[in-house]
Structure formats: C-alpha cells, structure tokens
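Visitor: starting from these lines, generate the structure:
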Amino acid sequence: DQVTITRHLQDRSVPEGTILLKEGKLARELFFISQGILKIVTTNAKGNDVTQFFLKENTFCTIHASFNSDQPAQESIIAATDAELLVFTKDSLRALYQELPWFRELIDTATQKTLLEKIRIRNGFMGEEATTRYQRFLSLYPDIAQKVSLTDIASYLGITPQSLSRIRRQKMR
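Guide: Prediction:
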C-alpha cells in the first residue's frame with residue numbers, strides 16, 4: 001500500500017509567502033504538511049487579507065468546498081513559513097481511491113477531524129478580550145507563535161499589529 005500511495009504523491013518545497021491556492025480558483029490539490037505552517041486567508045471588504053486558520057505539520061489542508069464540489073474557493077492557502085508538502089492532485093487521489101478504497105475513509109476522517117478542530121478553536125476565541133485571545137493562542141499554539149509573523153497572529157486574533165505589540169510589551173513587564 002505504501003508503494004501505491006507514494007506513486008500518487010508529489011513532494012513540494014515552498015518558501016514562506018507562496019500562494020498555494022488563490023481565492024476564486026478551484027482547489028485541485030490536497031496538501032499534507034510534512035514541515036512548516038500553512039494559513040487559510042480570506043479578503044475582507046477593505047481588501048485586506050485576514051488569517052482564518054493556521055495548519056501545522058502532520059495535517060491535511062485544502063479548501064474542502066472547492067475541492068469536493070468544483071466551486072471557486074472563497075479562501076486562499078498561503079505558506080506562513082517555509083514548508084515541505086506531500087501533494088495529492090484531485091486526479092491522483094481519485095485514482096488512489098480506486099486502487100485502495102480504504103484510503104478514502106482515512107482521508108475523509110483526517111480532514112474532518114482537522115476541520116472540526118479548527119472550528120472549535122476559532123469559536124473558543126469569540127467574545128474574548130484581545131489579551132485573553134493572545135494568551136489562549138500562546139497556550140494552544142506555542143510552536144506556531146514562534147514561527148509565524150506577528151502580523152499573521154494579529155490578523156488571526158482579529159486585532160491590529162499595534163495592539164498585539166502593546167499586549168506583548170505589557171506581558172513582558
């Protein structure tokens with residue numbers, strides 16, 4: 001099975017800032033993050049990018065609605081750090097499901113678990129004051145906090161970079 005799965009994979013190294021999927025395009029790839037961090041980004045009404053989620057190592061990443069239903073993605077996927085990815089194209093994944101039917105359930109379960117976890121964590125931040133959101137972020141994602149930009153963290157937390165700097169300064173006192 002390992003040989004079969006490997007035959008359907010592509011290795012890809014991407015530098016920080018690489019756009020893996022642009023909003024408005026069709027998701028045609030499923031990424032497994034071997035190293036690094038990816039972020040899911042939307043564009044707000046002012047045209048600014050807003051970080052919705054971070055995905056770290058040993059996690060699958062795609063925009064499910066687009067990947068599964070061939071509709072344009074409403075989000076972008078961007079490398080938040082340099083990353084090493086294993087990539088399944090949509091066609092290679094379909095072929096793999098034909099060869100190893102059990103693999104579909106494995107992928108579906110893993111991606112569903114990741115999606116539910118992202119939503120649970122994101123909902124946990126709602127209604128909290130900015131300092132509390134930042135402290136919770138640090139406790140949940142200490143590894144991500146050390147690797148991604150403060151601008152991305154501020155965006156994820158729904159605060160300005162200046163507010164995050166102020167919170168960080170107060171915390172150091």
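
Visitor: look at residue 84 and give its secondary structure.
Guide: strand (DSSP: H, G, I helix; E, B strand; the rest coil).

Visitor: okay, now it: neighbour count?
Guide: Applying other Cβ atoms under 10 Å, we find 14 residues neighbouring residue 84. (C-beta placed from N, C-alpha, C; glycine too.)

Visitor: now residue 59
Guide: 18.

Visitor: residue 128 - that's part of a helix, no?
Guide: No. Assignment of residue 128 by three-state DSSP gives coil, placing it outside any helix.

Visitor: not counting sequence-adjacent ones, nearest residue to it?
Guide: residue 136 (7.0 Å; Cβ to Cβ, 6 or more residues apart in numbering).

Visitor: name the element that neighbour belongs to?
Guide: For residue 136, the host element (DSSP states H and E) is helix 130-140.

Visitor: what mean pLDDT does that helix have?
Guide: Taken as a whole, helix 130-140 has an average pLDDT of 91.

Visitor: who touches that helix?
Guide: 121, 124-125, 128, 145, 153, 156-159, 163-164, 167-168, 170-171 (Cβ atoms under 8 Å, 6 or more residues apart in numbering).

Visitor: who touches whichever helix or strand comes after it?
Guide: Counting by DSSP H and E, the next helix or strand C-terminal to helix 130-140 is helix 142-147. Helix 142-147 is contacted by residues 37, 54, 56, 80, 81, 137, 138, 153 when judged by Cβ under 8 Å, 6+ apart.

Visitor: quick one: contacts for the last one?
Guide: By Cβ under 8 Å, 6+ apart, residue 153 lies in contact with 51, 134, 137, 145, 164.
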